[in-house]
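K.L.:
The amino acid sequence is not available; the structure is as follows:
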């Protein structure tokens, strides 16, 4: 199993999760993170261990100042609505979702608990957020290159203060990626940063 994309995504998800938790920081409180995953605990073990490690680097340690509630659907999307509702009943402080179906079910389940999405192709088209620049609501997270480029190309107000644009490509040819991206967003991309395999 290739872990490169997942691990890189989880680093960002950890930072986003930390930011959400930090906003609501209260002395002595143990924050509860809900994980909504469409696979199995065994199948996703390496993924969520990476999240725990990244959170730990930021000072958020499971069993000390955070508790993580895992909900796995075992590949059965029909189980996701009840699992999402369960996390809401537990009053977790943030829900982290993996993939499109869990993100959609989490959004249906709550409009108040912050949701951090990982591995979502186009959050605007899916109705998860209003726009990339101003998502609104309670959903944030990671968008793929295609949705980000589309937003930049069609709506300059997505990132009104963006002067330079940087992209990080995983195991891809950065020069080729710049050639593809630049015409779409009608601006020069000065640099891209390839990430090496961390598995």
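P.N.:
The structure has been received and is ready for your questions. Owing to the predicted nature of the structure, the values given are computational and were not obtained by experimental measurement.

K.L.:
State the distance from the spatially closest residue to residue 93 that is not a sequence neighbour to residue 90.
P.N.:
Of all residues not flanking residue 93 in the chain, residue 31 sits nearest, at 4.7 Å (CB to CB, 6 or more residues apart in numbering). (Each C-beta comes from the backbone N, C-alpha and C, glycine too.) As judged by CB to CB, to the nearest Å, residue 31 and residue 90 stand 12 Å apart.

K.L.:
which one of the two has more residues nearby?
P.N.:
Neighbour tally, residue 31 and residue 90, criterion other CB atoms under 10 Å: the higher count belongs to residue 31, 20 against 14.

K.L.:
Next one: the more buried one, what pLDDT does it get?
P.N.:
With respect to pLDDT, residue 31 has a value of 88.

K.L.:
mind listing what's buried in whichever strand or helix holds residue 56?
P.N.:
Secondary structure from DSSP states H and E places residue 56 in helix 45-57. Residues of helix 45-57 classed as buried under the neighbour-count rule (16 or more other CB atoms under 10 Å) are 47-48, 50-52, 54-55.

K.L.:
With stretch 118-135 instead?
P.N.:
If you call a residue buried by 16+ other CB under 10 Å, then stretch 118-135 has these buried ones: 118-120, 122-124, 126, 128-129, 132-133, 135.

K.L.:
Reformat those residues as a markdown table; add secondary structure, distance to residue 101 and pLDDT.
P.N.:
As requested, the buried residues of stretch 118-135 are exported to a markdown table (DSSP: H, G, I helix; E, B strand; the rest coil; distance: CB to CB, whole Å; pLDDT from 0 to 100):
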| residue | secondary structure | distance to residue 101 | pLDDT |
| --- | --- | --- | --- |
| 118 | strand | 13 | 82 |
| 119 | strand | 11 | 77 |
| 120 | strand | 10 | 80 |
| 122 | coil | 14 | 79 |
| 123 | coil | 13 | 84 |
| 124 | coil | 17 | 81 |
| 126 | coil | 10 | 87 |
| 128 | coil | 12 | 91 |
| 129 | coil | 16 | 87 |
| 132 | coil | 21 | 71 |
| 133 | coil | 25 | 70 |
| 135 | coil | 19 | 82 |
